[in-house]
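Asks: Give me coordinates for this.
(chains A and B)
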Amino acid sequence: EPEVTQTPSHQVTQMGQEVILRCVPISNHLYFYWYRQILGQKVEFLVSFYNNEISEKSEIFDDQFSVERPDGSNFTLKIRSTKLEDSAMYFCASSEDGSRTEAFFGQGTRLTVV
Amino acid sequence: SQQGEEDPQALSIQEGENATMNCSYKTSINNLQWYRQNSGRGLVHLILIRSNEREKHSGRLRVTLDTSKKSSSLLITASRAADTASYFCATAGTSGTYKYIFGTGTRLKVLA
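Replies: Now for the predicted structure:
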């Protein structure tokens, strides 16, 4: 069964460093998303991406964040200068036809900023 | 309350019992999805119900949607210890939006 894969599963980084989280969406899906979940809290929307453009972003997704589809399979989230409060589980998701269809999530990357 | 709030926040039942979780939301939706999350793990898609549907079944899961009350319920029948997890609803708005908004979740514990 097709699935969304994320790497790495766990990343520890120093405050102020840049991190890139990677995702391989399901191959025939056209819409991609990043969400985050701070420990014990809600799953929060960060950004959606379609046709090589950001479709929608939340107020959390400020200038520190960027997304890219560098090739035909990967979808990345970059955090330029990490802060302690960026520590969270980051989930990538993909869907076939925007939010009209099911969104399938990866297993997540646990980011720890120290 | 925020879009997508589940109740109860926590639920503890015995194996074999049914578990019912509710989700309320505030704005019009295109569809609503339910997800399961085992502790510290990924989000597993369970079921999607569209705004023009009232009920859907998948195995031991039954989901209902009442758009007039802006609420949905997830029923897990004959629960098992393996059903222990957090359950989230996620709503997709009507046209012009490209995101799913998650609720606060219900932590279900099924005791063997």
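Asks: residues in chain B within reach of chain A, list them.
Replies: Residues of chain B lying near chain A by CB under 8 Å from any CB of the partner chain: B:30-31, B:33, B:35, B:40-45, B:48, B:88, B:90, B:92-93, B:97-105. Yep, even glycine has a C-beta here, placed from its N, CA and C like the rest.
Asks: what do you get if the cut-off is 6 Å, keeping everything else the same?
Replies: Taking CB under 6 Å from any CB of the partner chain as the test, the list of chain B residues beside chain A reads B:30, B:42, B:43, B:45, B:48, B:92, B:98, B:99, B:100, B:102, B:104.
Asks: Quick check, the second one in contact with residue A:104.
Replies: No - between residue B:42 and residue A:104 there is no contact under CB atoms under 6 Å: 9.6 Å.
Asks: where does the residue nearest to the spatial centre of chain A fall, phi/psi-wise?
Replies: In chain A, the C-alpha nearest the mean C-alpha coordinate belongs to residue A:34, at 3.2 Å (CA atoms, centre = their mean). Residue A:34 adopts backbone torsions of phi -120, psi 140, taken as degrees, to the nearest 10.
Asks: from what I can see it touches residue A:48, true?
Replies: No - taking CB under 6 Å as the contact criterion, residue A:34 and residue A:48 are not neighbours in contact, 8.2 Å apart.
Asks: so how many other residues sit close to residue B:87?
Replies: Neighbourhood size, residue B:87 [other CB atoms under 10 Å in any protein chain shown]: 23.
Asks: Over to residue A:19?
Replies: Residue A:19 is flanked by 20 other residues according to other CB under 10 Å.
Asks: same question, the one 10 residues further on
Replies: The number of residues packed near residue A:29 is 19, by other CB under 10 Å.
Asks: With adjacent residues omitted, what lies nearest to it?
Replies: The shortest distance from residue A:29 to any residue that is not its chain neighbour, by CB to CB, 6 or more residues apart in numbering or on different chains, is 3.8 Å, and that residue is residue A:94.
Asks: Help me confirm that the one you found is found in a strand?
Replies: Yes - checked against DSSP: H, G, I helix; E, B strand; the rest coil, residue A:94 lies within a strand.
Asks: OK, contacts around it?
Replies: With contact taken as CB atoms under 6 Å, 6 or more residues apart in numbering or on different chains, residue A:94 is in contact with A:4, A:25, A:26, A:29, A:32.
Asks: mind checking pLDDT for it?
Replies: pLDDT recorded at residue A:94 is 96.
Asks: ok, it to residue A:1 distance?
Replies: Residue A:94 sits 14 Å away from residue A:1, going by CB to CB, to the nearest Å.
Asks: can you give me the strands in chain B?
Replies: When assigned using DSSP state E, the strands of chain B occupy the ranges B:5-7, B:10-14, B:19-24, B:29-37, B:43-50, B:55-58, B:61-66, B:71-76, B:85-93, B:100-102, B:106-111.
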